[in-house]
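Asks: Take this sequence and fold it.
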Amino acid sequence: MKRVIRTPRPITPTVLALILAALALSVSGAPRAELVVHDSHDALYRFPFGAVEAGTPVRLRISTGAGDFERVLLTLQDTQVGLWREQEMEPVGTVSEDNRKFWETTLTVPRPTIASYHFILHTEEDRWFYGNASELGGPGRFGRAVPPGYQLTVYVPGFTTPDWLKQATIYQIFPDRFRSSDAGSLKVALERGFRGPWPAEVRTWDQLPDNPREQGANPDYDGDGIWNNDFFGGDLQGIIDSLDYLESLGVTALYLNPIFESPSNHRYDTADYETIDRVLGTEEDFAQLADEARERGMHIILDGVFNHVSDDSRYFDRYGKWPEDVGAYAFWASVYDFARQEEISEAD
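Replies: Numbering: from 1, shown residues only. You can find the predicted model right below:
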């Protein structure tokens, strides 16, 4: 058998530089990542836990290896207004068993907001970051890159939640898909149509919801290729007719996805906050639902979406369906039309 002797490849300057950098880190004592810890669910690191009333002092701690860092900063962002600030953390003690050092600061947010925080850890010549590793909080992530922040919810002083909610059995209802009373809601949906010039699509209870992704891929596809315009005809009267059933399940609260006027089946793109969606019923139907739920000891929670509206709404009116209102689209269209007519540039 012929013996093959392989000669080692020469070390390139790039590889050599990486090796020397790694050796330098090991000699100089790189930060021990396993000792860098902040856990937003643990009172040792964050107290009090969870949302806090505006003006409440919140104690925050982070542990590191003793001697690994010269300075630690807490960085806080007020996400509602985009303001940032940095706050020094003070060393408060060392745990001799595992050679950990604790850093602490107290944070006070004076007004209701959603705040976000992470940590910046400085060595003599470098800096590292520690922040949130998941949307649920808990132990975080240590590294070179700026991480996502931990959320700190700050609420209005004196705010309390109702006692009935704390032990409630809540049943969530997506109105269009819950139950139809056969009161003609599908006819109303067809008459109203969908956003802009697009039609509504009606489907029967034995059909699957329209999935436009199947168009061209599934030979049995029977939809129209438009998202969120398929209606099954669920309505408020259908919920009223089901209250005895819901009561038998032990339900004490109904959580209704949006019921305000909207062109879509999910109704998260509100068209009019002052009107019950005509496909679902009337204000009288809603009053009856509230009365009959109350008789059974049930509460009703409404899902309200107030940070955006539909482009086919009285507030925006992209398609000119609301002649009695001046929507934002029509208003700014008139401004731009006037500017073009008068040859006024944006700079002017």
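Asks: switch to C-alpha atoms for all contacts and neighbour counts from now on
Replies: OK.
Asks: Would you map the helices across the stretch 201-348 of the chain?
Replies: 236-241, 243-248, 283-295, 328-341 (DSSP state H, counting those that start in this stretch).
Asks: And for the first one, what's in contact with it?
Replies: It stands for helix 236-241. 175, 178-181, 280-281, 285-286, 288-289, 292 (C-alpha atoms under 8 Å, 6 or more residues apart in numbering).
Asks: and with 10 Å instead?
Replies: 173, 175-176, 178-183, 242, 245-246, 254, 259, 276-277, 279-283, 285-286, 288-293 (C-alpha atoms under 10 Å, 6 or more residues apart in numbering).
Asks: What's the ChimeraX line that selects buried ones from those?
Replies: Buried subset of the contacts of helix 236-241, written as a ChimeraX selection, criterion 16 or more other C-alpha atoms under 10 Å:
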select :175,176,178,179,180,181,183,246,254,259,276,277,279,280,281,282,285,286,289,293
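Asks: where are the low-confidence patches of this structure?
Replies: 1-29, 334-339, 342, 346, 348 (pLDDT under 70).
Asks: For residue 47, see how far away residue 41 is.
Replies: Taking C-alpha to C-alpha, to the nearest Å as the measure, residue 41 falls 9 Å from residue 47.
Asks: before we move on, what about residue 198?
Replies: From residue 198 to residue 47 the distance is 53 Å (C-alpha to C-alpha).
Asks: Pick out whichever of those two has more residues nearby.
Replies: residue 47 (17 against 10; other C-alpha atoms under 10 Å).
Asks: do you know how far that one is from residue 154?
Replies: According to C-alpha to C-alpha, residue 47 stands 14 Å off from residue 154.
Asks: Then residue 182?
Replies: Distance, residue 182 to residue 154, using C-alpha to C-alpha: 46 Å.
Asks: Kindly report the same for residue 246.
Replies: Taking C-alpha to C-alpha as the measure, residue 246 and residue 154 are separated by 35 Å.
Asks: before we move on, what about residue 119?
Replies: Computed as C-alpha to C-alpha, the residue 119 to residue 154 distance reads 19 Å.
Asks: swap in residue 274?
Replies: 30 Å.
Asks: and if you look at residue 211?
Replies: Residue 211 sits 40 Å away from residue 154, taking C-alpha to C-alpha as the criterion.
Asks: between those two, who's got more neighbours?
Replies: Counting neighbours by other C-alpha under 10 Å for residue 211 and for residue 154 shows that residue 154 has the greater number, 21 against 16.
Asks: what bridges to the more buried one?
Replies: Partner residues in beta bridges with residue 154, using DSSP bridges, are residue 52, residue 113.
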